[in-house]
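**Q** Take this sequence and fold it.
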Amino acid sequence: RYDNILEFSTIVIQYIIMKFLLLRSSSFTTFLIALSSQLKPSKSFLTTKTNNNLILIHPHGLIYASFSSSSSSTSTSLVKMSATTTLLETMSQACTKALNQPIHLTPSSGGGGGGGGGGASISVAIDSITGTKYFIKQASLSQSQHGSSTSSNDMLYAEYQGVKEMLETNTIKVPKPIAFGEYHGNNGVSSRGCSFVVFEYLYFCGGGSQYELGQQLAKMHRSQSPNNQFGFHVDNTIGATPQPNLPWKETWADFWDTHRLGHMLKLTNNAGLSNEDVVKLRQKTRDIVSSHNPQPSLIHGDLWGGNKGFAKVSSDGTSNSGSDSDGSKVVPVIFDPATYYGDREADVAMTYLFGGFNGDFYDGYNAEWPLESGHEQRRIVYNLYHILNHDVLFGGMYLRQAKGMIDQIMRM
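**A** Down below sits the predicted model:
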């Protein structure tokens, strides 16, 4: 990665000088001053402190040193890198800061978990230091979603926050979110800026227990919102369609009418209904969802068959490459969410739309937390939202399907 052998030799010599200066320095501050005097002005570095060790990482990923420091006042800091920093270098920088250990990402082939929903592109990178793989999503900073003000930056940040929220329940496996960040290109000239999210790389496999998937989903649903209201602390997207979660709503009926049904009717030009029929539909829907009193559960929000799977993990729950190892197991995984706090039945309802879930899943869910009576009717209400969204995204036959569901709702 260096221009010539002379530059590389110079770096090696600098390394030796730095180590000598560290040994001679009477304090950590003196070492930093001595270190800075040895570096080219055009180079800048990421510094991080791990277990009282100083790690210096060159923009090209070379680890200069890892020395013990006697100073207790040092902390993780980021020194701005040069204008020629690449996207992978920026991602490496973000991961290093998040994990508090040196990460040097390089391109890698091979698929990963979770697709590129919402228009994001996906890729895989490998840490050349440890051999660990990471799954990456990225999207242009200027990209908006279906003519709205929701940018891809907002979309990926919301996904990062949503997966993080699910991870923190410690109930069901999700791809651990490592870092979110932005890359602004090489002075905005040779490459466009983008936002990115780096996730744990998962090794998906066949098999796995749908009964366990149902149980673990029900356990996640027991996690309630911090303010006992419905919504989420950021707006997000359902596919590529903006999905409002703010402001928070005190009642589920208000939330569903305003942020779900009402929102989607606006995007579909009222699904071809007259203004009078829209008023009737919204009132009927409000009456149906008010018939029970759900707690604001943490839900996935986009739980169709393509957003679940099974992956092999080690005994500590970390991703496993699939090689034979003691204690490895296959566990259920959910990913690509449109997370918010709402009625848990909305998650279960969507599993009926496009297949992929068998009877074992529902048995496992109800064994952990049985659904309430009337959920079959509410299922149609909740799934109308997704069918209207498919009309927004794809058009075609979905509007006709939505009108059939509306007729069912009005007859309830």
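**Q** Val197 is in contact with Phe180, correct?
**A** Yes: in this structure, Phe180 is within contact of Val197 by C-beta atoms under 8 Å, at 5.1 Å. Using the backbone N, CA and C atoms, a C-beta is placed for each residue, glycine as well.
**Q** what's the overlap in contacts for these two?
**A** Listed as contacting both Phe180 and Val197 by C-beta atoms under 8 Å, 6 or more residues apart in numbering are Leu156, Tyr157, Tyr160.
**Q** Show me which of Phe180 and Val197 is the more surrounded one.
**A** For Phe180 versus Val197, the count of surrounding residues by other C-beta atoms under 10 Å is larger for Val197: 25 against 20.
**Q** Is that one part of a helix or strand, or is it coil?
**A** strand (DSSP: H, G, I helix; E, B strand; the rest coil).
**Q** Pull the contacting residues for it.
**A** The contact partners of Val197, by C-beta under 8 Å, 6+ apart, come to Ile136, Lys137, Gln138, Leu156, Tyr157, Glu159, Tyr160, Pro177, Ala179, Phe180.
**Q** how close does it get to Ala338?
**A** Using C-beta to C-beta, to the nearest Å, we find Val197 at a distance of 15 Å from Ala338.
**Q** Check which helix or strand Val124 maps to.
**A** Secondary structure from DSSP states H and E places Val124 in strand 121-127.
**Q** Please apply the same query to Ala139.
**A** Using DSSP H and E, Ala139 maps to strand 133-140.
**Q** Just checking: what are the partner strands of that strand?
**A** strand 121-127 (antiparallel), strand 194-200 (antiparallel) (DSSP bridges).
**Q** I'd like the mean pLDDT over the last one, please.
**A** The one in question is strand 194-200. The average pLDDT within strand 194-200 is 95.
**Q** Mind listing what's buried along it?
**A** Cys194, Ser195, Phe196, Val197, Val198, Phe199, Glu200 (16 or more other C-beta atoms under 10 Å).
**Q** can I assume Glu135 is in contact with Phe204?
**A** Residue 135: Phe, not Glu. No: using C-beta under 8 Å, Phe135 is not in contact with Phe204, being 10.9 Å away.
**Q** Please identify which of the two sits among more neighbours.
**A** Phe135 (24 against 17).
**Q** who's that one bridged to?
**A** Beta bridges link Phe135 to Val124, Phe199, judged by DSSP bridges.
**Q** what kind of secondary structure is the residue nearest in space to the middle of the chain in?
**A** Nearest to the geometric centre of the chain sits Tyr160, at 3.3 Å (C-alpha atoms, centre = their mean). Counting by three-state DSSP, the backbone at Tyr160 sits in helix.
**Q** mind listing what the nearest residue to it once chain neighbours are set aside touches?
**A** Excluding the flanking residues, the one nearest Tyr160 by C-beta to C-beta, 6 or more residues apart in numbering is Phe180, at 4.3 Å. Contact partners of Phe180, counting by C-beta under 8 Å, 6+ apart, are Ala94, Leu156, Tyr157, Tyr160, Ser195, Phe196, Val197, Val198.
**Q** From these, pick the one nearest Gln216.
**A** Nearest to Gln216 among the contacts of Phe180 is Tyr160, at 21.4 Å by C-beta to C-beta.
**Q** Kindly provide the distance from that closest one to Gln210.
**A** For Tyr160 relative to Gln210 (C-beta to C-beta), the value is 28 Å.
**Q** residues in contact with the residue nearest to Cys194 when sequence neighbours are not counted?
**A** Nearest non-adjacent residue to Cys194, counting by C-beta to C-beta, 6+ apart: Gln138, 4.8 Å away. Gln138 is in contact with Leu87, Ala120, Ser121, Ser123, Leu156, Tyr183, Cys194, Ser195, Phe196, Val197, counting by C-beta under 8 Å, 6+ apart.
**Q** For those, give me a markdown table that also has distance to Asp316.
**A** Shown next, in a markdown table, are the contacts of Gln138 (distance: C-beta to C-beta, whole Å):
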| residue | distance to Asp316 |
| --- | --- |
| Leu87 | 31 |
| Ala120 | 29 |
| Ser121 | 31 |
| Ser123 | 26 |
| Leu156 | 28 |
| Tyr183 | 32 |
| Cys194 | 33 |
| Ser195 | 31 |
| Phe196 | 27 |
| Val197 | 23 |
